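**Student:** 3D, please:
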Amino acid sequence: MTDLTPEALAILAGGDQQAKKGGRMQTIAVVAGLTLLAAGGGAALGFLLKPAPAPAPAAEAPAAPPHAEAKGAEGHSGKAETGAEGSLANKESAGEPVKESFVEIPAILTDLSAPVGAQLRLEMGVVLRPGEEKVDEAVLVTQIQADTLVFLRTLELAQIEGSRGLLHLKEDLLERARLRSPAVVDVAIRSLVVK
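**Tutor:** Okay, here's the model as predicted:
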């Protein structure tokens with residue numbers, strides 16, 4: 001009838017609980033071991049990816065040059081825009097000339113390519129860093145405005161929806177402005193209205 005031995009039939013019928021208990025204990029031990037290994041690997045990775053500690057601040061602040069104190073007395077506020085290399089107020093107090101300037105671009109009103117009848121109004125400005133060559137701001141602003149107008153006419157409303165669309169728009173505008181002049185550091189979108 002069957003080719004199985006009586007011991008094999010007893011194991012299949014559930015008669016040998018010792019074999020099952022040993023298998024269950026082995027499974028628990030393997031799972032516990034893997035859990036400990038994963039926790040140790042996660043801790044090691046956390047220590048490897050931890051940022052380096054910041055250097056301790058200097059004990060004494062350097063003395064400000066006399067002309068920086070005179071500027072403070074003339075009514076300049078302590079608030080200033082922050083550039084890529086630190087705040088403008090810090091540069092003024094260190095005696096460095098302010099290198100960046102903000103230039104507004106006149107508002108642009110244009111139609112979008114899709115949906116039909118959608119209009120866009122954009123107010124923006126550019127941050128300029130003067131280099132060795134003199135940049136004519138009026139000409140640069142006119143060129144950037146014309147480039148932006150042509151670019152905006154090719155956009156669809158779906159491309160500028162949401163925060164990601166606004167970020168992509170800003171990156172595209174910055175790229176186009178930098179093609180006109182390497183003096184362009186950043187583009188600031190003041191307002192964007194779509195009707």
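
**Student:** Residue 153: what's it in contact with?
**Tutor:** 110-113 (Cβ atoms under 8 Å, 6 or more residues apart in numbering). In short, each C-beta sits where N, CA and C put it, glycine included.

**Student:** try residue 112
**Tutor:** Residues in contact with residue 112, defined by Cβ under 8 Å, 6+ apart, are 118-120, 152-153, 155-157, 194.

**Student:** And the strands in this structure?
**Tutor:** With DSSP state E as the criterion, the chain has strands at 82-83, 86-87, 101-111, 119-128, 184-194.

**Student:** would TSV of those strands with mean pLDDT and distance to residue 173 be doable?
**Tutor:** Formatted as TSV, the entries for the strands of the chain read as follows, by pLDDT from 0 to 100; distance: least, Cβ to Cβ, whole Å:
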stretch	mean pLDDT	distance to residue 173
strand 82-83	45	19
strand 86-87	48	24
strand 101-111	95	10
strand 119-128	96	7
strand 184-194	95	5
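
**Student:** Check the ones you listed for me and report the most buried one.
**Tutor:** Comparing these by mean neighbour count (mean count of other Cβ atoms under 10 Å), strand 119-128 ranks first with a mean of 18.

**Student:** That strand to strand 101-111, inter-axis angle?
**Tutor:** 160 degrees (axes from the mean of the first three to the mean of the last three Cα atoms, to 10 degrees).

**Student:** contacting residues around strand 119-128?
**Tutor:** Under the contact criterion Cβ under 8 Å, 6+ apart, strand 119-128 has outside partners 83, 100-105, 107-112, 135, 137, 140-141, 144, 148, 152, 155, 160, 173, 177, 181, 183-195.

**Student:** Can you tell me the centre-most residue of this protein?
**Tutor:** With distances taken as Cα atoms, centre = their mean, residue 167 lies nearest the centre of the chain, 9.5 Å away.

**Student:** pLDDT wise, what is that one at?
**Tutor:** Here, the pLDDT recorded for residue 167 equals 95.

**Student:** Contacts only, for the closest residue to residue 177 other than its chain neighbours.
**Tutor:** Sequence neighbours aside, residue 184 is the residue nearest to residue 177 in space, at 4.4 Å (criterion: Cβ to Cβ, 6 or more residues apart in numbering). Taking Cβ under 8 Å, 6+ apart as the criterion, residue 184 is in contact with 126-128, 140, 144, 174, 177-178.

**Student:** which one of those is nearest residue 39?
**Tutor:** When the contacts of residue 184 are ranked by distance to residue 39 (Cβ to Cβ), residue 174 comes first, at 44.3 Å.

**Student:** is it possible to export the contacts of residue 112 to TSV including distance to residue 7?
**Tutor:** Below are these laid out as TSV (distance: Cβ to Cβ, whole Å):
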residue	distance to residue 7
118	81
119	86
120	83
152	83
153	85
155	78
156	75
157	76
194	80
